Structure formats: C-alpha cells, structure tokens
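K.L.:
can't give you the sequence, but here's the structure:
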C-alpha cells in the first residue's frame, strides 16, 4: 500500500482514497464522513509517523513534516503532546482509540480485537470499554474533578481510565470501575 494522501484544510483532516477506506475497515483509523475518511489530529500524526500517510496542507499542496504537524496540533490543543503519547501507547498495544469529545473526555478505548460500534448489523462491533482522560503527572486532580470524570464514565456505561504522562513520556493507567454490592 502506498502512503495515503491526506488533506488538511482548516481543522479538517480527510482523505477520499481507496487506501484510506481500506485502512478504516481494517484498523478503524478515521471516521466515515460521506465519501471521505476524516482523521483526528492524533490519528494523523500517528499515521504519518508510521509512514502510512502523507499530509498536504491547504490549497498550496505543501507536504507537512511530522514536526510541522506536531507543532500545528500543539498550537490548537495545549494538551496535544500528552494526548498523543497516550494515543500512541494504546494503539501500539493493540487497542482501538477514538476521540470522546461528545463525552467531554479525551478518548474512547476499545478492547483489543473489537471494532467500534458503527454497524449494528455486525455483531463484532461493540461499544468502548473505557472513557479515557489524559493528564500530566504535574497536573492536579481535585475530588470534584475526579467525581465529574466518574459521572461521565458511569453515565456512558464505561469504565474510567486515567492516563497520566510523566516527564519521560511514560504512561501510567488507572482504571476505575463500579462494583455493585
């Protein structure tokens, strides 16, 4: 497979190539948006790093390097580098990771081998097991914040996954789930 040509216009990152659709079906990268596949910023940088995609910007069709992409995404989201470290770690471990903006979280994380629940006709498609919040070890989490994150996880019927990135870009995960007594 040749590198997938991806286009960055404003904040939209898309491709309409057959290879993009194939990668979506095979590995759950991106989301279908009409006849295109739309990528999140972390997916885009990950695929560039793995030599799966090449990103063209705007009408100039300039190819963006990994460094240029990372800098651009960091300007748009001050937590981008920590999110990327977590995304990469989870993807490298075989999990499917999707954005969770509508839940007010950073990511939805699916068990290994599970396809995100897009097509209800296929029983292999499931819901995410975890809703993930990313923070740096220097961040402070109040009991109020912790409680709010728990409520999000509980209301979405997912376990809470806290991903803490340290100074060496290692990630420690804390899973919180409900126990019925």
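P.N.:
Thanks, I have the structure now. Nothing here was measured: the structure is a model prediction, and the numbers come from that model. Residues are numbered from 1 along each chain as shown.

K.L.:
quick one, helices of this structure?
P.N.:
Along the chain, the segments classed as helices by DSSP state H run 18-27, 41-49, 66-76, 80-92, 143-155.

K.L.:
tell me the most buried of those helices?
P.N.:
helix 41-49 (a mean of 22; mean count of other C-beta atoms under 10 Å). From N, CA and C alone the C-beta is placed, and that goes for glycine too.

K.L.:
what is the mean pLDDT for it?
P.N.:
Averaging pLDDT along helix 41-49 yields 97.

K.L.:
then stretch 140-147?
P.N.:
On average, the pLDDT along stretch 140-147 is 92.

K.L.:
related to what we said a few turns ago, including distance to residue 115, could the helices of the chain go into a markdown table?
P.N.:
Formatted as a markdown table, those follow (distance: least, C-beta to C-beta, whole Å):
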| stretch | distance to residue 115 |
| --- | --- |
| helix 18-27 | 9 |
| helix 41-49 | 16 |
| helix 66-76 | 26 |
| helix 80-92 | 15 |
| helix 143-155 | 21 |
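
K.L.:
of those helices, which is nearest residue 177?
P.N.:
Ranking the helices of the chain by proximity to residue 177 (C-beta to C-beta) places helix 143-155 first, at 8.0 Å.

K.L.:
what helices and strands are in contact with that closest one?
P.N.:
Judged by 3 or more C-beta pairs under 8 Å, 6 or more residues apart in numbering; DSSP states H and E, helix 143-155 is in contact with strand 130-136, strand 159-165.

K.L.:
point out the most buried one among these.
P.N.:
Ranked by mean neighbour count, the helices and strands packed on helix 143-155 are led by strand 130-136 with a mean of 23 (mean count of other C-beta under 10 Å).
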